[in-house]
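Asks: Next one to model:
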Amino acid sequence: MIVRRPFLVTTTLAAAMVVVALVYGVDHGATAASVAAPAPVATPPTPDAAPLPATPAQVVALAPPAPASAAHRPDPYESLAQKVDRLSRSANPVDAFAAYQLVTACVWARDHEGWMAHHILPSDRELLPTTQQACGDIASDQIQSRLRWLERAALAGVHHAASEMLKEGPDGLGISGNSDIDAPENASWKQRVEAALDAGVRTCDSDSLESRVNSYESGLGVAQDRAKALTYWVAYMECRQRQVGGNSAILANGDSVTQRMGTTLSADQIAQAVRDGQRLAHDAQPLPGDP
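Replies: You can find the predicted model right below:
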């Protein structure tokens, strides 16, 4: 007699299936683990790999250039009035003189327009700017300010400014044979011109030096002093040589002028005047940007 035990068979079969499943899972899990690539492990940077701090020179090199000041940043589309305004507002007296020159060119073209039409050939007039070209949109208040810009430049020693101040006269109408620059009302202006000429001497301005030569040689406005005239002449020659970069035809008569001034001086006075003139020129320094 066969006794059937269905529950025992079922239990035995289930246990066998569990064992097979466990073996299969272990084998395939190990295989998958061996095939899969290991996850990358982040490695902390070593001290040697850290970037070095930038040196001050590198910081300066990498920094964007400083923007130019408004006075030195010309606009390619600026009008004449805008250019004059920009130059006149600059802290640089060389720019102030440039503003004066622009406005003065306008005044000259305006005042001589009729004269040029009758006295200058048409072919030659083409070489000169017309009133419209010279003035553009320059305003009347800029014209009225031009002498103030000139005096500012002259008192700073800008080259050629002192001689322009002298030619303009006290009121900007120029110096003529009838002008009385020694009148009491012009005393303050004369003092400012003298200060401008002294400033020009200190910046090696040939115009200021030449004016001093003429004054002391002829006794114009000062006591005649040939030794001082010779001193300023030597300084003038030295400064001119410096500006032209060597010998020039302009200076070809230097020896004859020196001899003429030295006719009333002793050898010691001449030698001293030459030394003083050379030292004066050596100590004189033009302003930056002044041609």
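Asks: what's downstream of the least confident helix or strand in the chain by mean pLDDT, the next helix or strand?
Replies: Sorting the helices and strands of the chain by mean pLDDT, DSSP states H and E puts helix 56-62 at the bottom, at a mean of 40. Counting by DSSP states H and E, the next helix or strand C-terminal to helix 56-62 is helix 80-89.
Asks: what packs against that following helix?
Replies: Using 3 or more Cβ pairs under 8 Å, 6 or more residues apart in numbering; DSSP states H and E as the contact test, the elements touching helix 80-89 are helix 93-111, helix 140-155. Where you see a C-beta, it was placed from the backbone N, CA and C, and this is true even at glycine.
Asks: show me the contacts for Ala229.
Replies: Arg212, Val213, Tyr216, Glu217, Met261 (Cβ atoms under 8 Å, 6 or more residues apart in numbering).
Asks: just the CA coordinates of the one helix or strand it maps to, formatted as CSV?
Replies: Take DSSP H and E as the rule and Ala229 turns out to sit in helix 226-244. Output in CSV follows, covering the C-alpha atoms of helix 226-244 (Å, rounded to 0.1, in the frame of the first residue of the first chain):
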residue,chain,number,x,y,z
ARG,A,226,75.4,142.9,-22.6
ALA,A,227,76.6,140.1,-20.2
LYS,A,228,73.0,139.1,-19.5
ALA,A,229,72.2,139.3,-23.2
LEU,A,230,75.1,137.0,-24.0
THR,A,231,74.0,134.6,-21.2
TYR,A,232,70.5,134.4,-22.7
TRP,A,233,71.9,134.1,-26.2
VAL,A,234,74.1,131.1,-25.3
ALA,A,235,71.0,129.5,-23.6
TYR,A,236,69.0,130.2,-26.7
MET,A,237,71.6,128.5,-28.9
GLU,A,238,71.7,125.5,-26.6
CYS,A,239,68.0,125.1,-26.5
ARG,A,240,67.6,125.5,-30.3
GLN,A,241,70.3,122.9,-30.8
ARG,A,242,68.4,120.6,-28.5
GLN,A,243,65.1,121.1,-30.4
VAL,A,244,66.4,120.7,-33.9
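Asks: how about that helix: buried residues?
Replies: By neighbour count with 16 or more other Cβ atoms under 10 Å, helix 226-244 contains the buried residues 226-241.
Asks: and stretch 167-175, which residues are buried?
Replies: Here stretch 167-175 shows Glu168, Gly169, Pro170 as buried, counting by 16+ other Cβ under 10 Å.
Asks: Sort out which of those residues are in helices and list them.
Replies: Glu168 (DSSP state H).
Asks: If you drop the residues flanking it in sequence, what lies closest to Arg110?
Replies: With sequence-adjacent residues excluded and distances taken as Cβ to Cβ, 6 or more residues apart in numbering, Arg110 is closest to Thr131, at 5.2 Å.
Asks: Report how many residues lie close to that neighbour.
Replies: 15 (other Cβ atoms under 10 Å).
Asks: Now do it, the pLDDT please.
Replies: If you check Thr131, the pLDDT there is 91.
Asks: quick one: Asn178 and Gly169, what's the gap?
Replies: Distance, Asn178 to Gly169, by Cβ to Cβ, to the nearest Å: 11 Å.
Asks: Where does the prediction get shaky in this protein?
Replies: Along the chain, the model assigns pLDDT under 70 to residues 1-74, 177, 246-259, 262.
Asks: which of the contacts of Ala229 sit farthest apart?
Replies: Arg212 and Met261 (12.6 Å; Cβ to Cβ).
Asks: From the buried residues of helix 226-244, pick the one nearest Leu287.
Replies: Using Cβ to Cβ, Cys239 is the member of the buried residues of helix 226-244 that lies nearest Leu287, at 13.6 Å.
Asks: Correct me if wrong: that closest one contacts Leu209.
Replies: Yes. Counting by Cβ atoms under 8 Å, Cys239 does reach Leu209; the two are 6.2 Å apart.
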